[in-house]
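S.K.: I'll drop the sequence and a predicted model, then ask my questions.
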Amino acid sequence: MSDKNEIFGNYMEMNPGQEHMTLQFRAALMNIDELWESGALSASFLSNFWGKFFPSKDQEGRTEMKDAVRYIAGELIGNAVKFSYEPDFLIRIALCLSDEELHFYVTNSVRNEDAGDFKNFIRKILDNDPDELYIEQMEKNASEESDESRMGFLTMILDYGAEPAWEFKTDEDMGIQTVTTMLRLSVVRNTRS
């Protein structure tokens, strides 16, 4: 098998030895409205599941973590659903917990022309100040009619302190290109009373 990979940001492979959970679904099995609803339900489920890893005596930390997971998972799943190209390719979201970080991994297929635009946007995120990009993107969205706000990644970075990275893979034998978006979210698990 012949593969080509391209990495953006501080990407780390998933560590199967960490606490983790993976959900996957095939885009072709549902219409777009059902996929959106399923994505929201999946994000809610993941936030409730991972919230249990934080002691109940740290209710504020648990609530913050659940909110962060719900928002980030919802955004990442939404992007995967919106931009997935191969209907039979399994969209996959995995969350892995270490002592200091929660890692999100979302993989979907992507068209070559969409991948090029996405890589340009990624370079812009990685090479520029996120506060300035946020203001620039808000102004751009206000002045143009577009169905792509491009605010999700900037919100994850600015509001949740998340660190994004990406891996693009091209399987030349199968002719499929995939993108895995990885987000690192710092966590504090206060287990003291």
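M.R.: Nice, I can see it. This is a predicted model, so every value here is computed, not measured.

S.K.: Please enumerate the helices of this protein.
M.R.: 32-51, 59-83, 112-127, 130-143, 152-160 (DSSP state H).

S.K.: Let me see the mean pLDDT of the second one.
M.R.: Same thing as helix 59-83. Helix 59-83 shows a mean pLDDT of 86.

S.K.: Can you give me every residue that contacts the residue nearest the centre of the chain?
M.R.: By CA atoms, centre = their mean, the mean C-alpha position of the chain lies nearest to L76, the distance being 3.4 Å. By CB atoms under 8 Å, 6 or more residues apart in numbering, the contact set of L76 is I93, F104, V106, T181, L183. Placement of C-beta: from N, CA and C, glycine included.

S.K.: for L23, same thing?
M.R.: With CB under 8 Å, 6+ apart, L23 has these contacts: S42, F45, L46, R92, I93, A94.

S.K.: quick one: the fourth one from L41, how far?
M.R.: Distance check for R92 against L41: by CB to CB, to the nearest Å, it reads 16 Å.

S.K.: for this protein, which spans come out with low pLDDT?
M.R.: Applying pLDDT under 70 to the chain flags the ranges 1-3, 27-32, 35-36, 55-56, 145-149, 188-193.

S.K.: Now find how far off-centre stretch 13-32 is within its chain.
M.R.: 11 Å (CA atoms, centre = their mean, to the nearest Å).

S.K.: can I get the CA coordinates of it in CSV?
M.R.: What follows is stretch 13-32, C-alpha atoms only, in CSV (Å, rounded to 0.1, in the frame of the first residue of the first chain):
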residue,chain,number,x,y,z
GLU,A,13,-0.7,9.7,17.1
MET,A,14,-3.4,8.3,19.3
ASN,A,15,-2.0,6.3,22.2
PRO,A,16,-4.1,3.2,22.5
GLY,A,17,-2.8,2.7,26.1
GLN,A,18,-4.6,5.8,27.3
GLU,A,19,-8.2,5.9,28.5
HIS,A,20,-10.2,6.4,25.3
MET,A,21,-13.5,6.1,23.5
THR,A,22,-14.1,5.9,19.8
LEU,A,23,-17.4,6.4,17.9
GLN,A,24,-17.7,5.9,14.2
PHE,A,25,-20.5,6.1,11.7
ARG,A,26,-20.9,5.9,7.9
ALA,A,27,-22.1,9.1,6.3
ALA,A,28,-24.1,7.2,3.6
LEU,A,29,-26.5,5.6,6.1
MET,A,30,-28.3,8.9,7.0
ASN,A,31,-29.4,12.0,5.3
ILE,A,32,-27.6,15.3,6.2
